[in-house]
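1. The following comprises the amino acid sequence and a computationally predicted model.
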Amino acid sequence: MKFLIFENLKQSIAHIIHAYKLVIPVALTGRPRKITALDSLTLALYQHTSTRTTKRSLYDDLKNIWRCSYKTLVVSINKAGLLALRILHLLIRWNNPQSHIVKYTDATDLPVCLKKNADKHRTMDGLAGFGRSSKGWYYGLKMTMTRDADGRLLGLRFTHPSTNDRDIFRTINKDIMGILVADAGYVSKKLEQDMAIEHKRIALIRPYKTMKRLATLWQLAIYRGRFRIEFDFRCLKLFHGLVTSMPRSVNGYLSNYLFALLSFVIA
């Protein structure tokens with residue numbers, strides 16, 4: 001059963017690589033890699049689509065097949081993060097022209113460790129910071145994502161938690177047209193004016209409850225669909241291992257986020 005899941009994932013990745021004519025770089029010198037780039041990416045996606053929460057449990061699952069050291073497995077998987085990034089970039093570019101007219105943008109917290117351990121955390125010291133979400137204070141990164149009403153991923157950005165949400169909204173959606181929906185955290189008259197392009201784009205930001213603004217029926221119907229992006233964040237964190245404190249390198253953390261997102265998109 002485990003090997004069947006692996007083979008299905010490998011076929012999916014190989015199909016995407018073939019469809020986009022993606023060239024995988026091959027080392028011209030040195031010994032051949034024990035695990036190829038395609039197999040490394042497939043192993044990473046297998047970890048994030050199964051119940052394996054660590055690379056160690058993944059290694060215990062498949063060590064009799066690959067017959068390599070644990071270090072070789074970890075290094076190979078971390079190197080495959082760049083390939084995952086290239087595939088995600090191509091999928092985002094492919095999704096944009098055929099996307100639904102309604103798009104949703106929101107941000108979520110990505111803690112890299114417990115808040116009480118922030119002073120001792122060194123791995124992500126240069127990128128992470130303190131931020132505040134609806135659940136309270138955390139130490140980590142902030143991930144902003146745009147998806148359409150049909151579930152297609154259209155935009156993605158990782159930032160420091162203190163980065164202004166409105167600036168991220170402008171950047172991540174600068175080439176996206178349609179109705180861009182956001183919650184009350186993005187309220188800004190200037191943002192709505194900056195994003196507005198006649199007959200092509202409109203920013204629909206839910207007002208605060210204290211604001212005296214009336215909404216039409218079609219606006220309320222669109223607002224009600226915003227729960228879908230919240231479900232995406234929940235699914236990424238609960239079932240695809242988006243949040244972790246296990247990696248011991250910056251490359252390990254960033255690769256983990258990319259693998260989780262790619263496994264979610266493929267699923």
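-> Sure, I can see it.

2. Helices along the stretch 51-200 of the chain, start to end?
-> Assigned by DSSP state H, counting those that start in this stretch, the stretch 51-200 of the chain shows helices spanning 55-66, 70-79, 81-95, 165-172, 189-195.

3. For stretch 108-118, buried residues please.
-> Along stretch 108-118, these residues count as buried under the neighbour rule (16 or more other CB atoms under 10 Å): Thr108, Asp109, Leu110, Pro111, Val112, Cys113, Ala118. The way it works is simple: take the backbone N, C-alpha and C, and place the C-beta from them, glycine included.

4. contacts for that stretch?
-> Counting by CB atoms under 8 Å, 6 or more residues apart in numbering, stretch 108-118 makes contact with 121, 123-124, 128, 130-131, 133, 135, 137-143, 145, 158, 161, 233, 237, 242-243, 245, 253, 257, all of which sit outside it.

5. Please list only the buried members of those residues.
-> When burial is judged by neighbour count using 16+ other CB under 10 Å, the buried members of these are 123-124, 128, 131, 138-143, 145, 161, 233, 237, 242-243, 253, 257.

6. Sort out for me which of those are in strands.
-> For the buried ones among the contacts of stretch 108-118, membership in strands holds for Gly131, Tyr138, Tyr139, Gly140, Leu141, Lys142, Met143, Met145, with DSSP state E as the criterion.

7. Which parts of the chain belong to which domain?
-> 2-79, 100-245 (automatic domain parsing).

8. any idea which of these scores lowest on pLDDT?
-> When the domains of the chain are compared on mean pLDDT, domain 2-79 scores lowest, with a mean of 84.

9. ok now it, how far from the chain's centre?
-> Centre-to-centre, domain 2-79 and its host chain are 19 Å apart (CA atoms, centre = their mean, to the nearest Å).

10. Name the helix or strand for the residue nearest the centre of the chain, please.
-> The structure's the chain has its C-alpha centroid closest to Leu261; by CA atoms, centre = their mean the separation is 4.1 Å. Assigned by DSSP states H and E, Leu261 falls within helix 250-266.

11. Packing partners of that helix?
-> Using 3 or more CB pairs under 8 Å, 6 or more residues apart in numbering; DSSP states H and E as the contact test, the elements touching helix 250-266 are helix 2-19, helix 37-49, helix 70-79, helix 81-95, strand 153-159, helix 227-239.

12. what does the third one rub up against?
-> For helix 70-79, the external contacting residues (CB under 8 Å, 6+ apart) are 33-35, 37, 39-40, 43-44, 47, 55-56, 58-59, 63, 66, 249, 251-252, 255, 259.
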